[in-house]
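**Q** return atomic coordinates for the entry below.
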Amino acid sequence: MKKVFLDTNVLLDFLLDRAPFNNNIAEIIEHTMKESIDLCVSSITVTDTNYIISRAEGAKIANKKTNEILKLVTVENVGESTVQRASNSKFKDFEDGVQNFCAIEAQHKIIVTRNVKDFRESSLAVMTPKEFLSKITTKNQ
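**A** Numbers count the residues shown, from 1 in each chain. Predicted coordinates:
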């Protein structure tokens, strides 16, 4: 099964229905449910997403959305080695470094994010939701 790592911003686009970005991630989720593609996020994505939604829409809605998303994604653990690698990396944003090394340690090949420039230091393929969607829909034609 192919694994794809989603950055926090992409998940927030979906859960907060942030136009125009929500359409691409919704299509990706719909498409991957039909394919053998496992969408994955880091454990910090789950906590950060819940916190941000809680601030925007309240704790009850945040918990409901968190439970819904956990049915669609696999959560990859962030451990001490992930944090150490991010801390010692050239990533300008520590959180992006944590996301990157979490994906690497979980043996992902692709990170999907709206902030591709923030992952310049990554050794993984980094693409926007639109680019990833184009890749998976072109491949199946």
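**Q** element containing Val4?
**A** strand 2-6 (DSSP states H and E).
**Q** quick one, strands of this protein?
**A** 2-6, 37-42, 74-76, 110-112, 125-127 (DSSP state E).
**Q** neighbouring contacts of the second one?
**A** In this case it means strand 37-42. For strand 37-42, contacts defined as Cβ atoms under 8 Å, 6 or more residues apart in numbering pick out 1-6, 8, 11, 28-29, 31-32, 72-78, 98-99, 102-103, 106, 108, 136. To be clear about C-beta, it is placed using only N, CA and C from the backbone, and glycine gets the same treatment.
**Q** list buried residues within those residues.
**A** 3-6, 8, 11, 28-29, 32, 73, 76, 78, 98-99, 102-103, 106, 108, 136 (16 or more other Cβ atoms under 10 Å).
**Q** from the contact counts, what lies against the strand holding Val4?
**A** strand 37-42, helix 94-105, strand 110-112 (3 or more Cβ pairs under 8 Å, 6 or more residues apart in numbering; DSSP states H and E).
**Q** now do 7 Å
**A** Counting contacts by 3 or more Cβ pairs under 7 Å, 6 or more residues apart in numbering; DSSP states H and E, strand 2-6 is packed against strand 37-42, strand 110-112.
**Q** buried ones in the longest one?
**A** So the one you mean is strand 37-42. Of the residues in strand 37-42, those buried (16+ other Cβ under 10 Å) are 37, 39-42.
**Q** can you give me the helices in the protein?
**A** 8-15, 22-34, 43-57, 59-70, 80-87, 94-105, 129-139 (DSSP state H).
**Q** any idea how far Thr47 is from Thr66?
**A** 9 Å (Cβ to Cβ, to the nearest Å).
**Q** higher neighbour count, the two?
**A** Thr66 (16 against 13; other Cβ atoms under 10 Å).
**Q** what sits against the more buried one?
**A** By Cβ atoms under 7 Å, 6 or more residues apart in numbering, the residues touching Thr66 are 46, 49-50.
**Q** what residues of stretch 132-141 count as buried?
**A** 132-133, 136.
**Q** who's in contact with stretch 131-141?
**A** 24, 27-28, 31, 110, 112.
**Q** least confident pick among those?
**A** In this model, the minimum pLDDT among those belongs to His31 (89).
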